[in-house]
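Student: Predicted coordinates and the sequence they were generated for:
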Amino acid sequence: MVALVLVGHSPELLRGLRAMLAQAAPGVPVGVAGGTDGGALGTSAPRILHAVRSALADAADGAIVLLDLGSAALALEMALDDLEPSARARVRVSRGALVEGAVRAAVEAAGGGSLAAVLAASEVPQALDKLPKDWPADGAAPGTLPEETPGRPDR
Amino acid sequence: MSGALVVAWLRLAASRVAAERMRLTDLDAAIGDGDHGINLARGFAALEARLAVGDVSAEAPGPLLALAGRTITGTVGGASGALYGRALLRAAATVEPGPVGAGMSVAQVAAVLRAAVDGIAALGRSRPGEKTMLDALVPAVAALEAAAVAGSGLPDALLRAANAADAGAWATLPLLATKGRASYLGERSIGHLDPGAVSSTLLLRALADAASGA
């Protein structure tokens, strides 16, 4: 089994996402490292390191790390620098969006996917297929007339 | 630079970060997410609390800088916590272990600051001119190295470094941000000081003032 580690600025955001993952893919180990050591908004390299170590202890096939924003990558890199080389080799960091990437990764992990397969699942360009294919390209609600939307080009 | 100077610097830095936290946060609100001063103040308050335990002034600079690095890394949050934490940990690793209480030469302090700033540049994949803390820190390292060559004493050398950082921070005003959260703003980042460059200057000014006993 592959574990997931969610890294982000808000502990509440990550707790909520972990609850969604537990429903979508029960049995997949999910670690979270959200907030600073004092519980404020932010990321903490020591907390990330602890979460990654715990996840690796729970999952023989390694762990995929997902981030909320790019600034979390700095703390993550510091944490991974402090990880033992044998453990670091079992970690992959996803470029995927946090919510969609984590849900897809968890489902793939629950199905017994390899580290590479779970990483690939987390990086599918989710934003492109979240809406039906006939949804207006400018994001307006379907059926909205051009004159009702300020600045919307006539089509 | 002795352990006592490191402690005096960190305490002075903590009080100044606390006093300036709203100014730093206002700068960050203009081009970032408006938390730089609050984040730094939280981290330095945690550091001050750690320094209040036991007689830390008797410790060597290396362990003190490492304690500061670990604390800042875990409590500031955001990119600045990782970057300043990395800088302090690199500084800690570069300080040559010597007799407790012994001073370091200007050249040695310059080498420590160089390693710290290189750590920031490597972690942030950044260089001067991108509207970041490096715009203050890189000129400061150059000034400190020049002062070492010129034979300045440590207080004078650190004053020159702080002045160079100050000039570098002001020079971020017209720059276009291409790194960090400010880069989301594109050209709207022009005309604002970079909060990281300003906080870097504040930290170096505190070091200079601690060294001259101010």
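Tutor: That came in fine, so what should we check first?
Student: neighbours of A:D61, just the number please.
Tutor: A count of nearby residues for A:D61, using other Cβ atoms under 10 Å in any protein chain shown, gives 16. Placement of C-beta: from N, CA and C, glycine included.
Student: Leaving out the residues flanking it, which one is nearest to it?
Tutor: Distances taken as Cβ to Cβ, 6 or more residues apart in numbering or on different chains place A:V2 nearest to A:D61, at 4.7 Å, with adjacent residues excluded.
Student: Likewise for A:R47?
Tutor: A:A33 (4.4 Å).
Student: Isn't the one you found up against A:L4?
Tutor: No. Applying Cβ atoms under 8 Å as the test, A:A33 and A:L4 come out as separate, 11.5 Å apart.
Student: before we move on, which element is A:I64 in?
Tutor: strand A:63-67 (DSSP states H and E).
Student: Tell me the strands beside that strand, with direction?
Tutor: Using DSSP bridges, strand A:63-67 pairs in its sheet with strand A:3-8 (parallel), strand A:91-93 (parallel).
Student: Return the most buried member of those.
Tutor: Sort the strands paired with strand A:63-67 by mean neighbour count, taking mean count of other Cβ atoms under 10 Å in any protein chain shown, and strand A:3-8 sits at the top with a mean of 27.
Student: pLDDT (mean, whole number) over it?
Tutor: Strand A:3-8 carries an average pLDDT of 97.
Student: For whatever residue of chain A ends up closest to chain B, list the residues it contacts.
Tutor: Relative to chain B, the nearest point of chain A is A:G42 (1.4 Å; Cβ to the nearest Cβ). By Cβ atoms under 8 Å, 6 or more residues apart in numbering or on different chains, the residues touching A:G42 are A:9, A:35-36, B:35, B:39, B:76-78, B:81.
Student: hang on, isn't the residue nearest to A:D61 packed against A:A55?
Tutor: No. The criterion here is Cβ under 8 Å, and A:V2 misses it with A:A55 at 9.2 Å.
Student: Looking at those two, which is more packed in?
Tutor: Shown here are A:V2 and A:A55; by other Cβ under 10 Å, A:V2 has more neighbours (28 against 25).
Student: Might you report the residue contacts of the residue nearest to A:D61?
Tutor: For A:V2, the contacting residues are A:28, A:59, A:61-64, A:105, A:108-109, A:113-115, A:118, by Cβ under 8 Å, 6+ apart.
Student: Now with 7 Å, please.
Tutor: Contacts for A:V2 (Cβ atoms under 7 Å, 6 or more residues apart in numbering or on different chains) come out as A:59, A:61-64, A:109, A:113, A:115, A:118.
Student: can you redo these as JSON lines with pLDDT?
Tutor: Shown next, in JSON lines, are the contacts of A:V2 (pLDDT from 0 to 100):
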{"residue": "A:A59", "pLDDT": "93"}
{"residue": "A:D61", "pLDDT": "96"}
{"residue": "A:G62", "pLDDT": "97"}
{"residue": "A:A63", "pLDDT": "98"}
{"residue": "A:I64", "pLDDT": "98"}
{"residue": "A:A109", "pLDDT": "97"}
{"residue": "A:G113", "pLDDT": "97"}
{"residue": "A:L115", "pLDDT": "97"}
{"residue": "A:V118", "pLDDT": "97"}
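Student: residues near the closest residue to A:D134 other than its chain neighbours, how many?
Tutor: In space, and not counting its chain neighbours, A:D134 is closest to A:P142: 7.4 Å by Cβ to Cβ, 6+ apart. For A:P142, the neighbour count with other Cβ under 10 Å is 9.
Student: remind me which residues of the chain are low pLDDT?
Tutor: Just so you know, I chose chain A. By pLDDT under 70, the low-scoring segments of chain A are A:126-128, A:148-155.
Student: That was the other one, I meant chain B.
Tutor: Residue ranges of chain B with pLDDT under 70: B:98-102, B:214.
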